[in-house]
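[1] Any chance you could fold what I've pasted below:
(chains A, B, C and D)
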Amino acid sequence: MADALKAMTAFGLREPKQVKIGALSIKELTDVALASVAARKGRMADLSRAAAAAGLPLPGPSTHAPGDPYSSFWVAPEMWLVEAPFASHELIADMLRAALGDGASVTEQTDAWVGFDLTADDLTALMQRLCNVDFAMAPDGHATRTVMEHLGVYLIKRGKGAARVYGPRSSAESLLHAVEAAAVALA
Amino acid sequence: MRYSGFRVIAEALTGHKGWKPVWRDPEPQSEYDYIIVGGGGHGLATAYYLAKEFGQARIAVLEKGYLGGGNVGRNTTIIRSNYLLDGNEPFYEFSLKLWEGLEQDFNYNAMVSQRGIMNLIHTDAQRDAFTRRGNAMIMHGAGARLLNRDEVRAMYPWLNFDDARFPIKGALAQPRGGTVRHDAVAWGYARGADMRGVDLIQNCEVTGMRIENGRIKGVETNRGFIGAKKVGVAVAGSSSKVMAHAGMRLPIESHVLQAFVSEGLKPLIDGVITFGAGHFYVSQSDKGGLVFGGDIDGYNSYAQRGNLPVIEDVAEGGMALMPAIGRVRLLRTWGGIMDMSMDGSPIIDRTHVEGLYFNGGWCYGGFKATPASGWCFAHLMAKDAPHPTATAYRFDRFLKGRMIDEKGQGAQPNLH
Amino acid sequence: MTQSHRISGGQVDRTKTVRFTFDGIPYQGHPGDTLASALLANGVRLMGRSFKYHRPRGPISSGSEEPNALVELRTGGRQEPNTRATVVELFEGLDARSQNRWPSLRFDAMGINDRFSTFFAAGFYYKTFMWPKSFWEKIYEPIIRRAAGLGSVTRQEDPDEYDKGFLHCDLLVIGAGPAGLMAALTAGRAGKRVILADEDFRLGGRLNAETHAVGQASGADWAVAAVAELAAMPNVRLMTRTTVMGAFDHGIYGAVERVSDHLPVPAKGKPRQVLWRIYAGKAILAGGATERPIAFENNDRPGVMLAGALRAYANRWGVKAGERVAVFTNNDDGLRTATDLMARGVDVVAVIDSREGGELIPGVRHLRGAEVIDSSGKLGLKTITVRQSNGKTEDIRVDALGVSGGWNPNVNVHSHHRSRPVYDAGIAAFVPGEDGPPGLSVTGAAAGVLSTHGALRTGRDAAMAALGLTGAAPDLPEAEDAPVRVSPLWFVHHGKGRAWIDQQNDVTVKDVKLAHKENFTSVEHLKRYTTLGMATDQGKTGNVLGLAVMAELTGRSIPETGTTIYRPPYTPVAMGTLAGRSRGKEFKPFRLTPSHHWAKEQGAVFVEVGNWLRTQWVPKAGETEWRQSVDREVLATRKSVGICDVTTLGKIDIQGTDAGEFLNRVYANTFSTLAVGKCRYGLMLREDGIVFDDGTTARMGENEYVMTTTTANAVTVFRHLEFCRQVLWPEMDVQLISTTEAWAQFSVAGPNARKLLEKVVDQDISDASFPYMGAANITVCGGLRARLFRISFSGELAYEIAVPTRYGDALLREMLARGAEFDPIVYGTEALGVMRIEKGHVAGGELNGQSTALNMGLGKMVSKKKDSIGMVLSQREGMVQEDGYRLVGVKPVDPKAALTAGSHFLEKGAAAVAANDGGWLTSKVYSPHLGCDIALGYLKGGDKKIGQRMRIVNLLAGLDTEVEIISPHMFDPEGERLRG
Amino acid sequence: MIIHHPILGPRDAQEFVYLGDASLMDRPDGMTAGIEEFHEYLYQRGNPAGEHRELWYHEQGDRSWLVVTRNTVTHEITKVELARDVARAKGRSK
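    Just a heads-up that it's a prediction; the model follows:
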């Protein structure tokens, strides 16, 4: 996009962070573009139509809906966070705005967050140390806001042993440290 | 009966046969000149000073439970007059001066101990604010010192100076601050009032107020109607409940504040340390327990018990400040119901009902205010004029825009 | 040393030996031992000293109720005071020491207190030490403080880690005795998610301490089988060494798991303990019961123990507490101690039964209607004095006495919501009352059901009921179901000596009598006056005894007397556990700015601003003092151009067709007239009319605004806006989202700001096309999306430029590189502060939550032509006073004189007393431009005092400085530079 | 405490920020109401010992403001509503 300006990860590096602790692997996401989509007041029907046309899922509360290119999860009443591949969708906000029209308010959120994909055989014990989400009982695709070591994050369950966490980008180091410490204690 | 070392020795040698009840348990009379509702610290102090300083008689204190069972018996025992604003500082300084002579005054050792209090500084902005406050304190005659980091370190070398998230940069100290054995305050005032003829009536709950033509006539209780020329209400967390009997809504919410004590330890902390950045304050009792607390739970409550998040929050503050106490154990928690006012400052005022007076809104500053609160309330009730140090504590300050908002948080009681 | 008191049987692993020391002396025990059982096995029964009288003490119990056997464990930062020897699991190399004694446990100089105990009656200190006044703090109190306390605390940091976590279950079972195991089995077999937690390291509760059969097996073996069955269920989590410390609202329980306390040190990276917050659909308290003693004179000697503990040591640990043992009981259960010990070959010399009737135990001297009235033995029990039913007294030589006064159900957790226990005369004890924590039921001994069968049955039934299970109830194994036969006996009436009730705090029957005499008769007064039940055991063995004595003295019944309630925690909890990982640098998370890594490379100095770390200044080589750096940054900016990372300012994206009107209502000034492509300074009030926050808001599109807030208020402003949007004006079409972290934002300020920006911005930003207060979406460096605002906090020609955060670092480097010809510098918060104060902009010191727009000289901004938050109440009479505080600028008359923020204004010649207090300095900096300290301040009637001379004093530092009151706009008051 | 969020189900009260009495919804109109009315609105509280309708904000959640009906003596929660729905039901809707 802008060759002159080289992007940096949330850790001030060129390459995404990858950590392995025991069976757990932590991988920083730098290839996901994010934008929030909120229905304008009284325009939910319009938004739903436009979203359907654009291939943008708008799942119900506590849910993440995968899709191509757009995945999304519910964050607030009539509001979603939309994910898309960064390489093709760096201008995700513009693209969504164009697709959704004036029935929606769209805001770029890509760099508001640091994302991590966590994988292991079973993440239950790790999640028990990190947050109050009942991970074991949550269905796949469960998406919720929660708190990890004082940090507000979004947690998306992608399977018994897979989860995605979005935390505040400025606190990337603190968040990673919290996950690492919990993992070491369990390893 | 006068207490003294000689009396203790004499009684010890004669098998403790001569000790007398510290207070009587009188039946309520049909009418009093003064009824004080609430047998906590403030109510008992009010009765004591009404009798002793203002020459009044025919006084009763009505307590729904046991004497001293409210916040005077469930606090962290700190006394200080390190306030900022003109509406507050003269009053709290008056209170501290009364503390300084209290034990001799009421002949009871409440263990008033001025081992000093310090409020830690972690940012330049905090230093500026504390400098403003310290100067205000000195101008009001309260005394204050600004300590630098090394001076704090010399006093408490084991605080977290080297690995702190919010490094200690100094402190505002009031050497005259300290602690008092809280229960003894209630008992000392109760004893002093009882000796002066005040009827202390326990297990007597006010269930209504008799008001005729805008004038108080007495109170209904679970032990029948008791007449009174003047009624003063000093019931802290129960303020809204009791004043509702007079049809009043108050600028007050009731909130639970938890406090904590550790197992007994050999001396570690001499004075009182306040760690504002971590919502934590601590002192050590003469028995050896670390006595500490933090923020209120934050929601309206009359339950006298709190929840785990605040316990954890307070412990986190404690560990951040004092990494050596990791293996010190929390022994007991308790909750008191705070009368949180809309600006964080109290009310000592008349009401729209003639002869009905109100004392409340102490937030969690009530304990240190006990002597002055009692004195000023007695003054107001006896003379129908506010004491000079308590003129700002009016109901109408909110209507007039004259809030006394030390923390600058506005009309949200749980933030004060 | 051999284990002289080890006998056969028990559940210790005799194939292995564990070495440990107590007060430096080496001993041996076995895995499965506690410190107390191992010491007793070695014939050691003196383990501590009491709080007040320094009486020699040994353990009276075998569990967490222990008041006496408190020791100090470990060394260095791990030194751990007041640990109960009865629950410490023995590990290799354990190093324990006695406490509250000097010079040694056997010869404690403070034991002198015991000789003068009559002077130390309850509350004696309230009556003396008052004269002379100054002696309290100088002499008496220091002595008392030194004497007080039990263990000592290290001054070193605790090196161990602590963790926290969350668990969810359908049923939490607290306690793994027969009731708890049966409850867990019932729920587990039904497929429910169950957590079974027990404080012990071996599950089974009293089954491990008794010889009762359960079904075909011993109770202990039945427990092993039950535990094995539960362990095989994936839906059941067994938590040993886990104490449920408190019941909180709505089914949340706190539990402490002692992960590593049975190890010399935790394994690397492992926590010492974990605090679990358990979300339980339902909970069952199966916490068993605690035996209580009977008070008699000198009942506190090492060797006098609870009868149930005596047989627990024999049955579970294979330890006899003495060579010659007697039992003193008022109930049948106490008799079991005699029979169990005899079965293990221990010499039981007498059973003293206070009851006249009942069964006689064969083969032992069983005295009925008799009482123990006294004992002797300086450092341990040697004889007891027994008064027989005929009144004759007799000394009996024993070295251990088991005392049973009956069993108190462990109602503690059930009373954590202030439910008052009620008295059950059938078992002479308090049982759980009404209004316990919703969802918590109580079973087994904790509910007053004291037989094994009863525990199994109620445990099963409670689980069925709690979970609404409708299938067939599981069969119960056969178990003893003996009725409770107890004749209450609280204290033995005899003589003038002391009979202990609360052993740790040295509260005796005499103290209760004194409290009664002085009218401290309510249980709360009794507790507070005598300190009964306030020791580390929280009165688990003593409380009921104390109030029963008071009941007897007042002639009231025990129910009339009532009882105090228990509060969390059930047993004391380490502060480290409650804090978890939030300590040291991890107390709060860090927030790092986009330029953080660049600044770190440059050796910048950082400052904490909330959780943010911001660059405070960026020293250059040769600068030795911070002012050099800051002055340089200010001068360089004002001379050419400076860049500052302002990402920390809150950014809120506001969209919707009503966004303009929304801003009109949340800001005191008007926003609906703001044109697209423009920004405006906004002043936000609280509803009480006090200034809440300020910042600029830009209109980026027809229905699209970007608001900035102060760093400090970013979160609270957002919350407030959501309140306004959802609660006050839900009819409005407004959407909000925070974009604070999404954009890296830099202030570029100085005469060459535009020239520098022109090097990176792709569009025309000449004054004509991008005038003062302009705002636009632009691109930089050949196409990267960015935002540009022409706003100034420094008084210079200034812009704020924002790019997506990941490009922030690169943009900063690019601006510095491409604009090198302008010698750009990066400035930190100090220089930022200098320039904003020179310019008279309000910030932290002025936005103190106590000040009005009028105070700030911004009164005209509050529009009365529209409704906005705070508009009405800002007009109250106390807030619109003519002579109220006004923001002023201040500079010293002598340019070399220093000012201090927080200093107060005084008129010349006025005394430094409150009546003359004119206000205070809110912020102060050194202005390299003006060559002196300058400050902002709130001065009463300050707007009318411009040009006057006053003093500012800092009484904390003894400073008294003559100053000139000037306009707060100290630099370029006409604003020519920022429009340049 | 646990608040049963009308959309998200049971959530720990720790995720919420407490404001106070739900009467804070009933803000007077600043163009017609005067100081006395605003004073009553902002400062005077019923502060009941018993059932209390109060405002909580799900800050670490979906950012909904809720009206929670909770007993201040027992802490029992009997009703939880979206504050926006409550406000709209009061007629604050276009």
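[2] what sits against the residue nearest the centre of chain A?
    Most central in chain A under Cα atoms, centre = their mean is A:Y166, positioned 4.7 Å from the mean C-alpha point. By Cβ atoms under 8 Å, 6 or more residues apart in numbering or on different chains, the contact list for A:Y166 reads A:34, A:81, A:113-115, A:153-154, A:156. Using the backbone N, CA and C atoms, a C-beta is placed for each residue, glycine as well.
[3] JSON lines for those residues, including distance to chain D and secondary structure?
    Output for those, formatted as JSON lines (distance: Cβ to the nearest Cβ, whole Å; DSSP: H, G, I helix; E, B strand; the rest coil):
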{"residue": "A:L34", "distance to chain D": "17", "secondary structure": "strand"}
{"residue": "A:L81", "distance to chain D": "12", "secondary structure": "strand"}
{"residue": "A:W113", "distance to chain D": "15", "secondary structure": "strand"}
{"residue": "A:V114", "distance to chain D": "17", "secondary structure": "strand"}
{"residue": "A:G115", "distance to chain D": "18", "secondary structure": "strand"}
{"residue": "A:V153", "distance to chain D": "9", "secondary structure": "strand"}
{"residue": "A:Y154", "distance to chain D": "11", "secondary structure": "strand"}
{"residue": "A:I156", "distance to chain D": "15", "secondary structure": "strand"}
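[4] got a winner among those residues for most neighbours?
    The most crowded member of the contacts of A:Y166, judged by other Cβ atoms under 10 Å in any protein chain shown, is A:V114 (27 neighbours).
[5] Against C:Q503, how distant is that one?
    56 Å (Cβ to Cβ, to the nearest Å).
[6] so B:N222 makes contact with B:C204?
    Yes. Counting by Cβ atoms under 8 Å, B:N222 touches B:C204, with 6.6 Å between them.
[7] Compare neighbour counts for those two and give me the winner.
    Comparing B:N222 with B:C204 by other Cβ under 10 Å, the one with more neighbours is B:C204, at 23 against 11.
[8] Now do the contacts for that one.
    Here B:C204 is in contact with B:28, B:62-64, B:221-223 (Cβ under 8 Å, 6+ apart).
[9] Recalculate using a threshold of 10 Å.
    B:28, B:37, B:39, B:60-65, B:219, B:221-224, B:226 (Cβ atoms under 10 Å, 6 or more residues apart in numbering or on different chains).
[10] May I see the PyMOL selection of the buried members of those residues?
    Applying 16 or more other Cβ atoms under 10 Å in any protein chain shown to these, the buried members can be selected in PyMOL as follows:
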select buried, chain B and resi 28+37+39+60+61+62+63+64+65+219+221+226
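[11] Among the contacts of B:C204, which lie within strands?
    Mapping these onto strands (DSSP state E) picks out B:37, B:60-62, B:219, B:221, B:224, B:226.
[12] Grab the two from those that are most spread out in space.
    The most widely separated members of the ones in strands among the contacts of B:C204 are B:V61 and B:G224, with 16.5 Å between them, by Cβ to Cβ.
[13] Could I get the pLDDT score of D:K94?
    Looking at D:K94, its pLDDT is 46.
[14] make that C:R55, sorry
    Looking at C:R55, its pLDDT reads 96.
[15] Now C:R258: closest residue in space, sequence neighbours ignored.
    Spatial nearest neighbour of C:R258, chain neighbours left out: C:R241 (4.4 Å); criterion: Cβ to Cβ, 6 or more residues apart in numbering or on different chains.
[16] do C:D249 as well
    Take C:D249 and drop its neighbours on the chain: the residue closest to it by Cβ to Cβ, 6+ apart is D:M1, 4.3 Å away.
[17] count of residues packed around residue 117?
    Assuming you mean chain A. Other residues near A:D117 come to 18 when the count uses other Cβ under 10 Å.
[18] my bad, chain C
    A total of 16 residues lie near C:S117 under the criterion other Cβ under 10 Å.
[19] can you tell me how far it sits from A:S25?
    66 Å.
[20] and the residue nearest to the centre of chain A, that's in a strand?
    Yes. Checked against DSSP: H, G, I helix; E, B strand; the rest coil, A:Y166 lies within a strand.
[21] And the closest residue to C:V88 other than its chain neighbours, what's its pLDDT?
    Nearest in space to C:V88, with sequence neighbours left out and distances taken as Cβ to Cβ, 6+ apart, is C:L35 at 4.0 Å. Per-residue pLDDT puts C:L35 at 98.
[22] wait, isn't C:L35 in contact with C:M47?
    Yes. The pair C:L35 and C:M47 passes the contact test of Cβ atoms under 10 Å, sitting 8.5 Å apart.
[23] Quickly list what's touching both of these two.
    Common neighbours of C:L35 and C:M47, using Cβ under 10 Å, 6+ apart, are C:22, C:59, C:69, C:71, C:84-86, C:96.
[24] Under a three-state scheme, what state does the most far-flung residue of chain A relative to its centre occupy?
    Distance to the chain centre peaks in chain A at A:A4, reaching 27.7 Å (criterion: Cα atoms, centre = their mean). Of the three states, A:A4 takes coil under three-state DSSP.
[25] what's C:G76 in contact with, if anything?
    Residues near C:G76 by Cβ under 10 Å, 6+ apart: C:154, C:156-159.
[26] 8 Å - rerun?
    By Cβ under 8 Å, 6+ apart, C:G76 lies in contact with C:154, C:156, C:159.
[27] so which of these comes closest to chain D?
    The closest of those to chain D turns out to be C:P159 (Cβ to the nearest Cβ; 29.1 Å).
[28] For the nearest residue to that closest one once chain neighbours are set aside, give its distance to B:A324.
    Of all residues not flanking C:P159 in the chain, C:G77 sits nearest, at 4.8 Å (Cβ to Cβ, 6+ apart). C:G77 sits 7 Å away from B:A324, going by Cβ to Cβ.
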